[in-house]
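Trainee: My questions are about this predicted structure, shown below with the sequence.
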Amino acid sequence: MIRVMVSLGDGPYSGELTDLLDCAGGIETILAPVGEDPAQAALRARPDIVVADPATLPGIIGSGFPGRILLVYGEGKNPAQHLPGPPVCGIIKKGSGGLVLQTAIKAVARGVEWVDCAPGGIEGLNGLNTSGGSPEKQAALA
């Protein structure tokens with residue numbers, strides 16, 4: 001069973017993702033309490049994966065959370081600065097279908113880096129600013 005905490009700045013979308021994941025086999029979901037510090041919630045709940053967005057990501061990373069993070073980003077956002085690398089292990093576009101989300105979570109749980117964030121797949125990231133990224137991140141965009 002994969003324990004997943006959904007911690008997004010968009011409350012209604014968090015609820016939708018939690019409902020969707022509750023229907024998936026092999027995934028136990030935890031919805032981060034509204035108004036609570038997402039980093040503290042993650043440290044207390046100890047999920048395997050936190051589904052976060054750019055609003056909640058910095059606090060979770062800064063807390064020393066030992067698990068993996070799947071970043072959900074919105075339309076018009078530049079995800080390149082968050083390409084996979086500990087603890088961000090995957091990136092998925094907000095509004096991705098349920099099967100894509102479930103597959104991404106299961107892949108990240110197995111230690112596979114997941115990037116599904118641009119039209120045309122990873123090729124769609126070409127040209128985004130990746131300065132300061134790890135060699136692996138930059139190689140992924142080459």
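Mentor: Thanks, I have the structure now.

Trainee: would you list every one of the strands in this structure?
Mentor: 2-7, 27-31, 49-52, 68-73, 88-93, 114-116 (DSSP state E).

Trainee: Residues in a beta bridge with the residue most central in space within the chain, which ones?
Mentor: Within the chain, one residue has its C-alpha closest to the average C-alpha position: by CA atoms, centre = their mean, that is Leu70, at 1.8 Å. Assessed by DSSP bridges, Leu70 has beta-bridge partners Val51, Gly90.

Trainee: pLDDT value on it, please?
Mentor: If you check Leu70, the pLDDT there is 94.

Trainee: Also the one 4 residues further on?
Mentor: As summarised for this prediction, Gly74 has a pLDDT of 81.

Trainee: quick one: contacts for the residue lying closest to it once chain neighbours are set aside?
Mentor: Excluding its sequence neighbours, the residue lying closest to Gly74 (CB to CB, 6 or more residues apart in numbering) is Lys94, at 4.6 Å. In short, each C-beta sits where N, CA and C put it, glycine included. Lys94 makes contact with 13, 53, 72-75 under the criterion CB atoms under 8 Å, 6 or more residues apart in numbering.
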